[in-house]
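In: Structure, please.
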Amino acid sequence: EKRGRGAGRREGRRLRGRVARGAARVQRRDGRGGYPADGGLMDFAQSEERRMISDMVRGFAESVAAPTAAERDREQRPPVAEFKDFAALGFAGMTIPEAYGGQKLDDISEAIVVEELSRVDPSLGVMVAVHVGLCSMTIVLYGNDAQKEKYLPRLASGETLGAYSLSEAGSGTDAAAMSARATDDGDCYMLNGEKMWVTNGSCADVFVLFAKVVGHPDYGKKKHGGVTAFIIEKDFDGFAVGKKENKLGIRSSDTTTLLLDNCRVPKENVLGEVGKGFYIAMNALDNSRIGIAAQALGIAQGAYEAALKYALERETFGKPIAQHQTIGNYLADMATRTEAARLLVYRAAWAKQQHYEQGAPRHTLEASMAKLTAGDTAMWVADHAVQVLGGYGYTTDFPVERFFRDAKITQIYEGTQEIQRVVIARALTR
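Out: Purely as a prediction, here's the structure:
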């Protein structure tokens, strides 16, 4: 009996040790133990400034983007004019400090901007998300003073549209497998290869682009050896835009290949350090996953609102179909899932700001959770919105068919849903 009690106490000590180690992992992972860094509870009240931003962007989206959205979708025409009008409001520089002509917003407000645009036009939403996040913010984080002074003011004003190029035909999820090469040629690098899936590809002026520097000590020794980030201008010798993809959704957002044929890039256009580009790329993806989550959230909100409006107006058997139990249940689930996704998206945006401003751990886990949930929510809500509208939902007379087509990409780019689960599981078990 004594031996049994002793064994029980030892097992108890081992269990308490495992619990303590698990709690320590959680604490290290989020730096907050589940609470904000100041020890207080998270404030769910929307500030007056964020309400004003939301109202302003919603008004712009409904008055400027909405009237041309369906036509641009049919014609696969990028919203360049709409972006210029949007930039005039100052939002093109929302990730850029005032010292470089920007109007820096907090990260939740940045997510709200992308959400409100995507609620009406997801193509414009992703154009802005790539411009302010993957391009502008990456230069803010890793650019030197000369690069910031040269590029950021033009990006902030919207005079210059930004893009980002990491993927290739053989390196999407496996980004380190890229084949684009950069060779030292005196005062410049010569880039050769073909990049793929470039949002804003045909209309961007500046690209943050990745290639492997052949002469780097790690080249050929490590899978990501030599990966380097470059700032590319569309007028550089040897640079050309290739095929434009004919896509299922976000058809007003141009997606192209980029052709590098002895593209001459001055050495001063290396972003960060030579050979350190893979870290830059992965950090940029953590940031941009929040932008895509916000896009997905906007799609879900737009599809839900369209379904609700129709369900309140359409009558069958003497009452609005919203009062039929099945349709009412659909609407309840659509609203609940959308609101749940919103909380994860805003939390990820908050965690991102804590990382950069307070030195908290990187927001990889929160970004992947937000992207996974919001992407699946957008697809589910858009699918059910089509179902609520029935036959009308299958026509181009209503926007839900476009939301349905647009939603699918949010489960694919910036890391597929399968990859998000891998990232989340790795973060939870490390």
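
In: So what's the residue count around residue 218?
Out: Look at residue 218: counted by other Cβ atoms under 10 Å, it has 15 neighbours. For glycine as for every other residue, the C-beta is placed from the backbone atoms N, C-alpha and C.

In: Setting the sequence-adjacent residues aside, check what's closest to it.
Out: residue 225 (3.2 Å; Cβ to Cβ, 6 or more residues apart in numbering).

In: And the average pLDDT for the top helix by length along the chain is what?
Out: Scanning the chain for the longest helix, with DSSP state H as the assignment, gives helix 277-313. The average pLDDT within helix 277-313 is 98.

In: Tell me the helix or strand right after that helix.
Out: Heading C-terminal from helix 277-313, the first helix or strand you meet, by DSSP states H and E, is strand 315-316.

In: residues in contact with that following strand?
Out: Strand 315-316 is contacted from outside by 321, 324, using Cβ atoms under 8 Å, 6 or more residues apart in numbering.

In: Parallel or antiparallel, list what pairs with that strand.
Out: Strand 315-316 sits in its sheet next to strand 319-320 (antiparallel), going by DSSP bridges.

In: Please tell me how far stretch 166-176 is from the chain's geometric centre.
Out: Centre-to-centre, stretch 166-176 and its host chain are 17 Å apart (Cα atoms, centre = their mean, to the nearest Å).

In: typed the wrong thing, it's stretch 288-304
Out: A distance of 9 Å separates the C-alpha centroid of stretch 288-304 from that of its chain, computed with Cα atoms, centre = their mean.

In: same check, this time on stretch 147-164
Out: Mean-position distance between stretch 147-164 and its chain equals 19 Å (Cα atoms, centre = their mean).

In: just stretch 211-226 next, same as before
Out: Using Cα atoms, centre = their mean, the offset of stretch 211-226 from its chain centre is 28 Å.

In: Contacts for that stretch next, please.
Out: 175-184, 189, 191, 193, 227-228, 230, 260, 274-275, 278.

In: my read is residue 231 is in a strand, agree?
Out: Yes: with DSSP: H, G, I helix; E, B strand; the rest coil as the criterion, residue 231 is part of a strand.

In: surely residue 321 meets residue 327?
Out: Yes: with contact defined as Cβ atoms under 8 Å, residue 321 reaches residue 327; the gap is 4.8 Å.

In: what sits in contact with each of these two?
Out: Residues touching both residue 321 and residue 327 (Cβ under 8 Å, 6+ apart) are 311, 388.

In: what's next to stretch 137-146, contact-wise?
Out: Applying Cβ under 8 Å, 6+ apart, the set of residues contacting stretch 137-146 from outside is 95-97, 100, 147-148, 151-152, 155, 164, 208, 229, 231, 268, 271-272, 280, 283-284, 287, 356.

In: Show the buried residues in those.
Out: Buried residues within the contacts of stretch 137-146, counting neighbours by 16 or more other Cβ atoms under 10 Å: 95-96, 100, 147-148, 151-152, 155, 164, 208, 229, 231, 271-272, 280, 283-284, 287.

In: show me the contacts for the residue nearest to residue 172 when sequence neighbours are not counted.
Out: Distances taken as Cβ to Cβ, 6+ apart place residue 197 nearest to residue 172, at 7.3 Å, with adjacent residues excluded. By Cβ under 8 Å, 6+ apart, the contact set of residue 197 is 167, 172, 245, 255, 413.

In: partners of the fourth one in the sheet?
Out: With DSSP bridges as the criterion, the beta-bridge partners of residue 255 are residue 199.

In: Might one say that it is in contact with residue 204?
Out: No: using Cβ under 8 Å, residue 255 makes no contact with residue 204, being 11.6 Å away.

In: If you tally nearby residues, what's the number for residue 232?
Out: Residue 232, neighbours per other Cβ under 10 Å, totals 24.

In: Would you mind confirming that it is in contact with residue 265?
Out: Yes: A contact is recorded between residue 232 and residue 265 when judged using Cβ under 8 Å, the distance being 6.3 Å.

In: Mutual contacts of the two, please.
Out: residue 191.

In: Need the three-state assignment for residue 413.
Out: Following three-state DSSP, we place residue 413 in the coil state.

In: give me the low-pLDDT residue ranges for this protein?
Out: Scanning the chain for pLDDT under 70 picks out the ranges 1-43.

In: so where do the strands sit in it?
Out: For the chain, strands defined by DSSP state E occupy the ranges 162-165, 181-184, 188-199, 206-213, 227-233, 239-244, 255-266, 270-271, 315-316, 319-320.

In: For residue 105, which of those strands is the nearest?
Out: strand 162-165 (16.6 Å; Cβ to Cβ).
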